[in-house]
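> sequence? don't have it. structure:
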Ligand SMILES: [Zn+2]
């Protein structure tokens, strides 16, 4: 699978529903390249980097994490360059590290999640790491020609939600933030969803990118979210 081009400087490896892999994005600045999310596993990272190299691009200098869930973070040990995450994301990952001290943890995850079982088929070890850089509210990276505005926001999906806005390309990356909270029995907190909708409305973007969907227009996403909220 190769990279898809979204805009002039934004590419992505498509999400893979069969294994529940999220899409991984590649922001190509003149100076710095930034990946969004590390991915599910070392093999997910390798597939992404193979697609990047096929375009003759450099491997990402930085990788920013949208939230702690394993399909977005368990590949972090295998990335090139420096990783960036919201403080709370690292707290969740630290808790995952603790749980993984139980060597059966990988088997427990395989039992609970058929996608995890497929992604980690034949493997008996997890490697869970925290990010190199932690931010507390927001940070901006000047990639050269484009900027990545990285910020924490309230969302119904997870407490550590991080979004990335690229104003020059009018693209907003939302991770899984618009979904319900799978770790709280799939609860959809409508107040948090409303807060997120207001955040999205306030941002001047053309595309809204959810990790497990095709790219959406801002209007289509907002129309959908407002129907969920009603
Ligand atoms: Zn998630």
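That came through, no problem. Note that the structure is a prediction, hence the values are computed from the model and not measured. Numbering: from 1, shown residues only.

> From here on, just use CA atoms for contacts and neighbour counts.
Noted.

> Give the residue spans of this structure that score low on pLDDT.
Per-residue confidence of the chain (counting by pLDDT under 70) places the weak regions at 230.

> if you set the cut-off to 80 instead, what comes out?
229-230 (pLDDT under 80).

> for the chain, what spans make up the helices?
42-54, 70-73, 87-99, 105-112, 114-119, 190-202, 218-229 (DSSP state H).

> looking at these, which is closest to residue 141?
Proximity to residue 141 (C-alpha to C-alpha) singles out helix 87-99 among those, at 17.3 Å.

> So which residues make contact with that closest one?
The list of residues contacting helix 87-99 from outside it, by C-alpha atoms under 8 Å, 6 or more residues apart in numbering, reads 67-68, 105, 128-131, 134-136, 159-160.

> residues near the closest residue to residue 2 other than its chain neighbours, how many?
In space, and not counting its chain neighbours, residue 2 is closest to residue 51: 4.9 Å by C-alpha to C-alpha, 6 or more residues apart in numbering. Residue 51 has 19 neighbouring residues, counting by other C-alpha atoms under 10 Å.

> now swap in residue 184 and tell me
Neighbourhood size, residue 184 [other C-alpha under 10 Å]: 10.

> next one: residue 189
15.

> ok, now which ones touch it?
156, 180.

> That one and residue 220, how far apart?
For residue 189, the distance to residue 220 (C-alpha to C-alpha, to the nearest Å) stands at 21 Å.

> got the end-to-end distance for stretch 115-132?
Stretch 115-132 end-to-end distance (C-alpha to C-alpha) = 28 Å.

> same deal with stretch 11-25?
6 Å.

> Any buried residues in that stretch, and which?
11-15, 19-25 (16 or more other C-alpha atoms under 10 Å).

> same thing with stretch 2-13?
Burial within stretch 2-13, assessed by neighbour count using 16+ other C-alpha under 10 Å, is assigned to 2-3, 9-13.

> cool, stretch 103-114 as well?
105-107, 110.

> How about stretch 27-44?
Buried residues in stretch 27-44 (16+ other C-alpha under 10 Å): 27-29, 32-42, 44.

> cool, and stretch 150-169?
150-167, 169.

> what does stretch 168-176 give?
Buried residues in stretch 168-176 (16+ other C-alpha under 10 Å): 169, 171-176.
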